[in-house]
Structure formats: structure tokens, C-alpha cells
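Trainee: need the 3D shape of this:
(chains A, B, C and D)
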Number of protein chains: 4
Amino acid sequence: MSQRNENGMPMKYSDRFNLADARRVARAAEEEATRHGWPMVIAIVDNGGHLVLQQRLDDAQLGSIEVARQKAETAVRFRRPTRVFEDALAQGGLHLRLLGMTNLVPLDGGIPLIRDGAVVGAIGVSGMRSDQDAQVAQAGANALPLAEPAGSL
Amino acid sequence: MSQRNENGMPMKYSDRFNLADARRVARAAEEEATRHGWPMVIAIVDNGGHLVLQQRLDDAQLGSIEVARQKAETAVRFRRPTRVFEDALAQGGLHLRLLGMTNLVPLDGGIPLIRDGAVVGAIGVSGMRSDQDAQVAQAGANALPLAEPAGSL
Amino acid sequence: MSQRNENGMPMKYSDRFNLADARRVARAAEEEATRHGWPMVIAIVDNGGHLVLQQRLDDAQLGSIEVARQKAETAVRFRRPTRVFEDALAQGGLHLRLLGMTNLVPLDGGIPLIRDGAVVGAIGVSGMRSDQDAQVAQAGANALPLAEPAGSL
Amino acid sequence: MSQRNENGMPMKYSDRFNLADARRVARAAEEEATRHGWPMVIAIVDNGGHLVLQQRLDDAQLGSIEVARQKAETAVRFRRPTRVFEDALAQGGLHLRLLGMTNLVPLDGGIPLIRDGAVVGAIGVSGMRSDQDAQVAQAGANALPLAEPAGSL
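Mentor: Coordinates of the predicted model:
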């Protein structure tokens, strides 16, 4: 499930991403969260893992402020959905080593944002069960236009 | 310039603040920034100093991501505009002790959000000169409705 | 001295930078350091402030490992030579506020790397007097080709 | 698998190591990585665990910047390949205590650099599967001349 291009190689990073994109992603995630009545925190980072947009829906738990951002950072740093790490950890054994890493949170809900075959950022969501967090993050990721609008950057 | 009520006592904190309020404040700040073509980061925290909303305008410097949040946190933690600390520091002497504080950033641009005479949060802005940051933060703070809309919380 | 384009606005960031570029910059810096017999640490980061290349010349002081990187990070985060902060601090008064910032080191020797009018990274040098550090950093920055070689990215 | 001398005692540390050595090690590691088309980060530290040389190959994931360095630091701090810790962790039970250590990363890919029977530093590699990281680190370690060249230090 790591992000690979058509040649099976790891994807590149690209900086073709701006606040308007982040807002589109966040809006779609928020609609999905609101539809279910889920109080969540939504964080969106750029291709360097730096925050572009973060919003906390009313009544979201405070702990999710940091977790949402960490999920997004992890997804950019390792160019894959954080679910990969959650699944690996569940298998135990060797995979417990993930718990020894200091720049990775192994929780579903962080998803890279892909445009033109490159990682332009990530969305991280926290506040409910991790599969629900991931459902909302995916709704957000799906809203990123594949190609950037002409003249927008 | 610290925030005091009509009896001269320090203000209380209040939690009468939500994401809709934060958005209203952020939108006003963004409009002021955009009017001048200033690439800035805008952060809004609640009465616990916890992030509610943060957004980075296109082409804002990366260093402002952390600084904007720190300004907002400082304004809530000490219930006063961060300019108070910048001014004090400029006087030197005893005021240099401010530099020994680890949970305070002495830079203009952080302003408490006041509602019904209580501190409900703060806005922090970074990206240009600190007086310009403060101008944008003030535009945001002015947009907070003094009374919360019926049924909004 | 902040990095501005021909319209007087802050420069944009760009990711048009790779390891070959970083090596060219580092080699020029190292030659300048070696010419003077200066034991130094040279750090080069990308437009997100992330390390691309770091090298410690023989007999450089250990403290410079972290300082060189911090100078480079500061130059990217605030898109200007770190000397701007050193000079401001020397004036005292209001400028002492820089000491209250946690993501900035106010030491000469960090210089943005500019290509096609955008900040693609920075070089940070530490090990001698800060003006000597800056001299070496500038020698490195001067070695960045203004345009990237065809097909290199 | 911990590093022991011919008498079965833990190895000593030695400072007979310089930047030229680090470059030879890094070059061999890079060649191995490039041969496979693996985008990786390579970090080399001295006998104090302090960075001598670090380089990020194009398109390596950002998370590997910190991980590569941590692997090298771990290998020096405990004078053994980090694979020892990964293997132990895979056995579970008592070995889970490794996860409680804050100055150790239990991931294959960190290997001590040995010269004249003493630990002079370590190489850490990150970017692909941990066994591939280790393969590249080993190629680097193998390139360290057993005896230092006359006059090199």
C-alpha cells in the first residue's frame, strides 16, 4: 500500500499544492464527518510535512489536535497511508519495531495527497475510531483535483 | 494593556467560543492580509490555548507556522496582547526576564478574543513586520461578535 | 536584506533542487574553508528546511553540528540571511525579542539558496567567527547554478 | 552479534576516523543503493555518535532523514548492529523492554564501523525495507580501510 508509481518505484514529492487545494480537501472531509455527526480534527500538510490548514470541529477531543497533525506528517514522511503501519503492528513480532520510531504514528487516518503521480501533501484526521478517521481522511483525499487548475499556483 | 474587566480585575476565561466564531475571525484577518498582499499564517486558539483553526496563506514563510501559533498561545496564557511583552522587552533592564520564560513569545501579533467580558481564545498572526501582523490580528479580533448567536453553541 | 523579488514581495519557495546541486554548493564552501584552514560544519537543506547534505570537516567543534543545521533551517524558514537577525539583535531594544523565538538562531552564517527567483534551500556554516562562517556560506551559495541543468530533476 | 574483540570483551571506542574515511564509506553505500535504484538517506557518525556526514539521495522519503541518523547513533551507543535489537524485539516477551529505551531505535540498517578492533563510528541507512537498508549499510562498512592510511589523520 505504499505509494508507488507505474514503474513500482516510490513516488516523488512535488510542491504543486496551495491553500485553495487544502480547503477543498478539508471541506470534503468535514462534510463526511458532519454527515455522521463525528467531532474531529482535520489537518492538512504540504509536501514538506508543514501545516497548511488545520481545523477542529466543535466538541472534538483535545488530544486529536496533535494526533491529526502527526498522522498527516507521518503520511508525508513515509509516503503511504498510516494504515500500513497500523496493520503491520497488528501482526506483532518484528513489526513491533515501529513503536521504537520517534517520527511516525502508527494509527490509521493519515493519507497522502497525490497529484500528477506525486505526493503534494497529506491529510490527517483524528477524533473517532481510527477506521472512521480514515474514512473521513479518504473523503478529503478524493476531493483533490488530479490536475491543478490553470493559473492557480 | 492587560485584559481587565470594569472592576480592574483580570478577566476570567470563558469557553463560549466555537469553530464558526474562529472562522469569522480568520476570514476577517485573511481579508485584511489579502488586501495588502501579505502572505501570512493565521492561528486561532480557544480559552485553553488549544488550536481551533490555522491556515497558511500561499507563499507565507515556513517559520511563521510555529510563530503564529505561539503568539496566540501566549495571548491566551497571559490574557493580554503579546505587544505588551514586546514593549516591555524594548525597555530592557528587569524586563529582560521575559526572555527566560519558555511559554511566552514576546512578539506583537497575538491578541486575546474577548466575549462578554471574558477571554474565549486568541488570534496569532505572523509573516510580515510584527506591527503588520498585529494589524491583521486586530482585524480578525474585531470580527468576533460580542454576543454569541442564539443556539450556536 | 530579506529575499524579495523584483516586485518587492517576499520570494516564493520552489523544490527545484537536488543532491547534485547540494554537492556543488558544499564543495565550493569546503574549498573556501580549506583555503583558510578553517575546521567547519557545512549543512544544506531543501525548501522545506529538511537536510539534504551535511559534512563536518576534520577537527571542527562538535557544537557546530547542530548550529550549522539550525542556521540553514532559519534561512529557509524566514527566507533571508541569518545575518539580518544578528544585525538586528546588535541594535538591542525592541530587537531583543528575537531571543524569544524558538525556531530561529540569530547567528550570521545561514544563507538562502536562490534559483530562478525562488528559495530552493539554504546553506548553514558554523565553526569559526560568524563572519567567517558567512564568508564560507556565501562561497557555497554562489556556486549554485542559476538554472537547473536540463533533465536533472 | 554485539561487537566483541578476540577475548570476548566489548570493544573499545577509538577516534581514529576522519571525514575522508566517512566519504569512502558513504560512497560505497551510495553505489550499492544506486545500483538498485533505491532512494535512501545515508548517515555516518563518529565514535561519539556525532554526525560526520549525511546525504539524502534524490527522492528519498523525508522520514528517513531522522531514522538514518538514529540508526547510526544507536549502533555507536551500543556498539552493535541495530539488527540485534530488531531480532530481539521480534521474540517478544522480555525484549519488549527495548521499546522503553529513548536512545535506541530497533531497526536494522545501523552498523558499527570497526578499525583495528575498535569502534570508530557507525553508518545508518534508511529508505527501503530494513534488510535492504542493512545491505547498503554493510556495503558502506566494508569499504572502511582496516588500517588508516599513513598521514591521514
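Trainee: residue contacts, residue A:33?
Mentor: With contacts defined as Cβ atoms under 8 Å, 6 or more residues apart in numbering or on different chains, the neighbours of residue A:33 are A:39, A:40, A:42, A:57, A:125, A:127, A:136. In this view, the C-beta of every residue, glycine as well, is placed from N, C-alpha and C.
Trainee: just give the number of residues close to residue A:95.
Mentor: The criterion is other Cβ atoms under 10 Å in any protein chain shown. On that basis, residue A:95 has 16 neighbouring residues.
Trainee: sorry, back to before: most neighbours among the contacts of residue A:33, which one is it?
Mentor: residue A:125 (35 neighbours).
Trainee: surely it forms part of a strand?
Mentor: Yes - using DSSP: H, G, I helix; E, B strand; the rest coil, the secondary structure at residue A:125 is a strand.
Trainee: quick one: pLDDT of it?
Mentor: Reported pLDDT at residue A:125 in the predicted model: 98.
Trainee: in the sheet, who's paired with it?
Mentor: residue A:42 (DSSP bridges).
Trainee: chain neighbours aside, what residue packs nearest to the closest residue to chain C within chain A?
Mentor: Relative to chain C, the nearest point of chain A is residue A:48 (2.5 Å; Cβ to the nearest Cβ). For residue A:48, ignoring the flanking residues on the chain, the nearest one in space by Cβ to Cβ, 6 or more residues apart in numbering or on different chains is residue C:48 at 2.5 Å.
Trainee: quick check on that neighbour: phi, psi?
Mentor: In this entry, residue C:48 is assigned phi and psi values of phi -100, psi 0 (degrees, to the nearest 10).
Trainee: in three-state terms, label residue A:28 for me.
Mentor: Recorded secondary structure, residue A:28: helix (three-state DSSP).
Trainee: residues in contact with the nearest residue to residue A:78 once chain neighbours are set aside?
Mentor: Nearest residue to residue A:78 in three dimensions, chain neighbours excluded: residue D:63, at 4.7 Å (Cβ to Cβ, 6+ apart). By Cβ under 8 Å, 6+ apart, residue D:63 lies in contact with A:74, A:77, A:78, A:103, A:104, D:126.
Trainee: in strands, which of the residues you listed fall?
Mentor: Judged by DSSP state E, strands contain the following of the contacts of residue D:63: residue D:126.
Trainee: now which of the contacts of residue D:63 would you call buried?
Mentor: Among the contacts of residue D:63, those classed as buried by 16 or more other Cβ atoms under 10 Å in any protein chain shown are A:74, A:77, A:78, A:103, A:104, D:126.
Trainee: setting aside sequence neighbours, what's the nearest residue to the fourth one?
Mentor: Sequence neighbours aside, residue D:66 is the residue nearest to residue A:103 in space, at 5.0 Å (criterion: Cβ to Cβ, 6+ apart).
Trainee: please identify the helix or strand for that neighbour.
Mentor: Mapping residue D:66 onto the secondary structure by DSSP states H and E places it in helix D:63-77.
Trainee: could you check whether whichever helix or strand comes after that helix is close to chain A?
Mentor: Secondary structure here is assigned by DSSP H and E; on that basis, the next helix or strand after helix D:63-77 toward the C-terminus is helix D:83-90. Yes - with Cβ under 8 Å from any Cβ of the partner chain as the measure, helix D:83-90 is seen reaching chain A through D:85, D:86, D:89, D:90.
Trainee: residues from chain A in reach of chain D?
Mentor: Counting by Cβ under 8 Å from any Cβ, the residues of chain A that sit close to chain D are A:9-10, A:12-13, A:48-49, A:74, A:76-79, A:92-94, A:96-97, A:99-104.
Trainee: out of those, which are buried?
Mentor: In the residues of chain A next to chain D, the ones that pass as buried (16+ other Cβ under 10 Å) are A:10, A:12-13, A:48-49, A:74, A:76-79, A:94, A:96-97, A:99-101, A:103-104.
Trainee: residue A:119 contacts residue A:15, doesn't it?
Mentor: No - using Cβ atoms under 8 Å, residue A:119 is not in contact with residue A:15, being 10.2 Å away.
Trainee: between the two, which contacts overlap?
Mentor: Both residue A:119 and residue A:15 are contacted by residue A:47, under the criterion Cβ under 8 Å, 6+ apart.
Trainee: ok, those two, which is more surrounded?
Mentor: Between residue A:119 and residue A:15, residue A:119 has the larger neighbour count (other Cβ under 10 Å), namely 24 against 20.
Trainee: beta partners for the more buried one?
Mentor: Legend: beta-bridge partners of residue A:119 under DSSP bridges are residue A:13, residue A:114.
Trainee: would residue A:25 count as being in a strand?
Mentor: No - the assignment for residue A:25 (three-state DSSP) gives helix, which keeps it out of a strand.
Trainee: dump the residue contacts of the residue nearest to residue A:48.
Mentor: Counted by Cβ under 8 Å, 6+ apart, residue C:48 has contacts A:46, A:47, A:48, A:49, A:50, B:62, C:13, C:15, C:76, D:62.
Trainee: residues contacting residue A:78?
Mentor: A:2, A:85, A:104, D:61, D:63.
Trainee: residues from chain A in reach of chain C?
Mentor: Contacts of chain A with chain C, taken as Cβ under 8 Å from any Cβ, map to A:13, A:14, A:15, A:46, A:47, A:48, A:49, A:50.
Trainee: where does the residue lying closest to the second one once chain neighbours are set aside land on pLDDT?
Mentor: Read it as residue A:14. The spatially closest residue to residue A:14, leaving aside those adjacent along the chain, is residue A:118, at 3.6 Å (Cβ to Cβ, 6+ apart). Looking at residue A:118, its pLDDT stands at 96.
Trainee: do the one 4 residues further on as well
Mentor: Predicted confidence (pLDDT) at residue A:122: the value is 98.
Trainee: what of residue A:41?
Mentor: Looking at residue A:41, its pLDDT reads 98.
Trainee: show me the contacts for it.
Mentor: Under the criterion of Cβ under 8 Å, 6+ apart, the neighbours of residue A:41 are A:54, A:55, A:56, A:57, A:60, A:64, A:65, A:67, A:68, A:125, A:126, A:127.
Trainee: change it to 7 Å
Mentor: Taking Cβ atoms under 7 Å, 6 or more residues apart in numbering or on different chains as the criterion, residue A:41 is in contact with A:56, A:60, A:64, A:65, A:68, A:126, A:127.
Trainee: likewise for residue A:121?
Mentor: Contacts for residue A:121 were tallied using Cβ under 7 Å, 6+ apart; they are A:17, A:44, A:45, A:46, A:47, A:52, A:76, A:113.
Trainee: buried ones among those residues?
Mentor: A:17, A:44, A:45, A:46, A:47, A:52, A:76, A:113.
Trainee: kindly present those as JSON lines, with separate columns for pLDDT and secondary structure.
Mentor: Written out in JSON lines, the entries for the buried ones among the contacts of residue A:121 read as follows (pLDDT from 0 to 100; DSSP: H, G, I helix; E, B strand; the rest coil):
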{"residue": "A:17", "pLDDT": "97", "secondary structure": "coil"}
{"residue": "A:44", "pLDDT": "98", "secondary structure": "strand"}
{"residue": "A:45", "pLDDT": "98", "secondary structure": "strand"}
{"residue": "A:46", "pLDDT": "98", "secondary structure": "strand"}
{"residue": "A:47", "pLDDT": "98", "secondary structure": "coil"}
{"residue": "A:52", "pLDDT": "98", "secondary structure": "strand"}
{"residue": "A:76", "pLDDT": "98", "secondary structure": "helix"}
{"residue": "A:113", "pLDDT": "98", "secondary structure": "strand"}
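Trainee: residue B:28: which of the residues you listed is nearest?
Mentor: Nearest to residue B:28 among the buried ones among the contacts of residue A:121: residue A:52, at 20.0 Å, using Cβ to Cβ.
Trainee: pretty sure the closest one is touching residue A:43, no?
Mentor: No - using Cβ atoms under 7 Å, residue A:52 makes no contact with residue A:43, being 8.8 Å away.
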